[in-house]
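Asks: Could you look at this predicted model? Sequence included:
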Amino acid sequence: MNRCLLPTGLIAVLLFSLSPLSLVHAQAVQREFPAKALRGSMVIVQPPLVAMDDKPTRLAPGARILDTSNRLVQSATLVNQELTVNYTLDLRGQVHQVWLLSEAEAKVKRAGSGVQRNYTFESQQTPPAAGTTAPVNSN
């Protein structure tokens, strides 16, 4: 039999030389999200209980959570972390699919971005400029 046997060292060099190309290609891929996907802040309280934008809800049976490389993530590994996500809901209003966002993806505006409040905390207010006095509340 005529077999073409390559030295094992050559095969290893070929495999390692191709791996950086696949990594560059994987990083350059832009993820597409469904048009109905919403943006929000998710905290997994105790699976399947989650808080989406400070509102308690549940993960749907068979819910999928995908990381920034589109790999499945177990909900138990994300407990008590506040995450910026895109998500879809099922017909019962439960969270069906979740995409964890990279910093670049989180900067893109989308419907349902974050919690909207009609008040601000004192810690969120900017301090008065130097040389001015803060207004005194006379209540």
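Replies: Done, it's in.

Asks: just the strands in the protein please.
Replies: With DSSP state E, the ranges of strands along the chain come out as 38-46, 49-52, 55-66, 82-89, 95-100.

Asks: Turn the ones you listed into TSV, including distance to residue 107, mean neighbour count and mean pLDDT.
Replies: C-beta: built from backbone N, CA, C; applies to glycine. As requested, these are arranged in TSV below (distance: least, Cβ to Cβ, whole Å; neighbours: other Cβ atoms under 10 Å; pLDDT from 0 to 100):
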stretch	distance to residue 107	mean neighbour count	mean pLDDT
strand 38-46	11	18	95
strand 49-52	20	18	96
strand 55-66	19	15	96
strand 82-89	10	18	96
strand 95-100	15	22	97
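
Asks: hey, which helix or strand in the chain has the poorest pLDDT?
Replies: Lowest by mean pLDDT, DSSP states H and E among the helices and strands of the chain is helix 8-28, with a mean of 53.

Asks: Show the backbone phi and psi for residue 93.
Replies: The phi/psi pair for residue 93 (degrees, to the nearest 10) reads phi 80, psi 10.

Asks: For residue 69, see how far away the closest residue to it other than its chain neighbours is.
Replies: Leaving out its chain neighbours, the residue that sits closest to residue 93 by Cβ to Cβ, 6 or more residues apart in numbering is residue 57, at 6.8 Å. Separation of residue 57 from residue 69 (Cβ to Cβ, to the nearest Å) stands at 26 Å.

Asks: Same question for residue 46.
Replies: From residue 46 to residue 69 the distance is 26 Å (Cβ to Cβ).

Asks: try residue 58
Replies: Distance, residue 58 to residue 69, by Cβ to Cβ: 26 Å.

Asks: And for residue 106?
Replies: Counting by Cβ to Cβ, the gap from residue 106 to residue 69 is 16 Å.

Asks: and residue 92, how many residues sit next to it?
Replies: Residue 92 has 10 neighbours, counted by other Cβ atoms under 10 Å.

Asks: ok, residue 63 touching residue 98?
Replies: Yes: with contact defined as Cβ atoms under 8 Å, residue 63 reaches residue 98; the gap is 7.0 Å.
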